[in-house]
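Student: Okay, sequence plus prediction incoming.
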Amino acid sequence: MSRTPFTVPDLTGRRAVVTGASDGIGLGIARRLAAAGAEVVLPVRNPRKGEAAISAIREQVPGAAVSLRELDLSSLASIAALGAAMRAEDRPIHLLINNAGVMTPPGRQTTVDGFELQWGTNHLGHVALVAQLLPLLRAGRGRVTSQLSIAARAGSIDWDDLNAERSYDGMRAYRRSKIAFGLFALELDRRSRAGGWGITSNASHPGIAPSNLLMARPELGRAEAVRGRKVIGFLSRHGILAGTVESAGLPALYAATSPQARSGHFYGPQGIGGLGGPPGEQKSWPTLRSIDEAERVWQVSQEMTGVSFPATTPPVAPRA
Ligand SMILES: NC(=O)c1ccc[n+]([C@@H]2O[C@H](COP(=O)([O-])OP(=O)(O)OC[C@H]3O[C@@H](n4cnc5c(N)ncnc54)[C@H](O)[C@@H]3O)[C@@H](O)[C@H]2O)c1
């Protein structure tokens, strides 16, 4: 099955930031951006893995303009430090791809700030990052793309237990983090339009691909993990209901760089079940449609993280 029908346009002179680019889907995204001529910043938790990622990119894109910054999305202090360092560099950001993520860690874990790990990393961490980088994104008329998951097609936000303190289920918490993050991405589009911030925001999901996220599942029993790896590896190899780690980056790349991709819209693989295949626009999932919930996510996330976005009166008109 052909998996690369989308070519990233020329990005010479553009500066991109990609989270979670030391591995998996994010590494492929960063490599393609660099190949298209962008200067790519990789904020990573582990500098050693970051150096290896840069070597891997330069092997395929000699002379690629890639550099590392330190970022732990599970720490608001680390996010603030990255924001301060990048604002001090005072260079516009044209693309921000919020790709990093963690899924179903073994048992309920918390960030250094005490948030349930998936809620704190996948959602709140990226909200805080966008707030920290907002002046640079505005300066670059930046495009923000946020990576969701097919898991967010179902489930809901348990507003009374955002941190899963009363009851914890790993997949429920993952879904919640990705639904909230999707609602945030769409609300960012609405707020930017209403406030004239000059940035765009859309969302993507990669389908399913055999990255560490799915192939190393320490929370599963050994037999179950091996079975899962075999099934996903088989599906990916045969292009059935799954992509490769490389192709899974295409929806985010399309959302972030295609002249056809629109702010406030949603992109994913167009294959059977939306799990693999070429990237394109897809109908938003019911979990992402409530404007009331999006506004609530917007407010609650600022309260929980202590970051703030410029005030705007929420627009009443539905999204275009
Ligand atoms: N692989 C899939 O099938 C699949 C399916 C749906 C959604 N996704 C989403 O795609 C994105 C990329 O995942 P992947 O499959 O490449 O997984 P991966 O585990 O290979 O990569 C995840 C990346 O996020 C980074 N990360 C995790 N916690 C971090 C933290 N606290 N601070 C900074 N970086 C952190 C990791 O270091 C890694 O680089 C994630 O948002 C994931 O939820 C993946």
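Tutor: Done, it's in. Residues are numbered from 1 along each chain as shown.

Student: SS state for the closest residue to residue 213 other than its chain neighbours?
Tutor: Counting by Cβ to Cβ, 6 or more residues apart in numbering, residue 213 lies nearest to residue 103, which is 5.2 Å off, once chain neighbours are set aside. Yep, even glycine has a C-beta here, placed from its N, CA and C like the rest. Classification of residue 103 using DSSP: H, G, I helix; E, B strand; the rest coil returns coil.

Student: quick one: the residue in the stretch 101-250 of the chain positioned nearest to the ligand and residue 203, what's the gap?
Tutor: Of all residues in the stretch 101-250 of the chain, residue 101 sits closest to the ligand, at 2.4 Å by Cβ to the nearest ligand atom. Noted for residue 101: a distance of 13 Å to residue 203, by Cβ to Cβ, to the nearest Å.

Student: more neighbours, those two?
Tutor: Taking neighbours as other Cβ atoms under 10 Å, residue 101 and residue 203 compare with residue 203 leading, 31 against 27.

Student: Do me a favour and get the end-to-end distance for stretch 136-156?
Tutor: One end of stretch 136-156 to the other measures 33 Å (Cα to Cα, to the nearest Å).

Student: repeat for stretch 267-276
Tutor: 12 Å.

Student: any idea of the mean pLDDT in it?
Tutor: Across stretch 267-276, the average pLDDT comes to 82.

Student: List the buried residues in that stretch.
Tutor: Neighbour-count burial for stretch 267-276, counted by 16 or more other Cβ atoms under 10 Å, picks out 267, 268, 269, 270, 271, 274, 275, 276.

Student: ditto for stretch 257-266
Tutor: Result for stretch 257-266 [16+ other Cβ under 10 Å]: buried residues 257, 258, 261, 263, 264, 265, 266.

Student: who are the neighbours in contact with the second one?
Tutor: Residues in contact with residue 258 (Cβ atoms under 8 Å, 6 or more residues apart in numbering) are 6, 9.

Student: Begin at 52 from now on, thanks
Tutor: All set: I'll call the first residue 52, so the last point we hit is now residue 309.

Student: what's the spacing between it and the ligand?
Tutor: 19 Å (Cβ to the nearest ligand atom, to the nearest Å).

Student: May I have the predicted confidence score for that residue?
Tutor: 97.

Student: My guess is the residue of the stretch 152-301 of the chain closest to the ligand contacts residue 265. True?
Tutor: No. Assessed by Cβ atoms under 8 Å, residue 152 is found out of contact with residue 265, at 11.3 Å.

Student: Just give me how far the strand or helix carrying residue 279 sits from the chain centre.
Tutor: Assessed by DSSP states H and E, residue 279 sits inside helix 273-288. Helix 273-288 has its C-alpha centroid displaced from the chain centroid by 24 Å (Cα atoms, centre = their mean, to the nearest Å).

Student: just stretch 265-285 next, same as before
Tutor: Distance, centroid of stretch 265-285 to centroid of chain: 23 Å (Cα atoms, centre = their mean).
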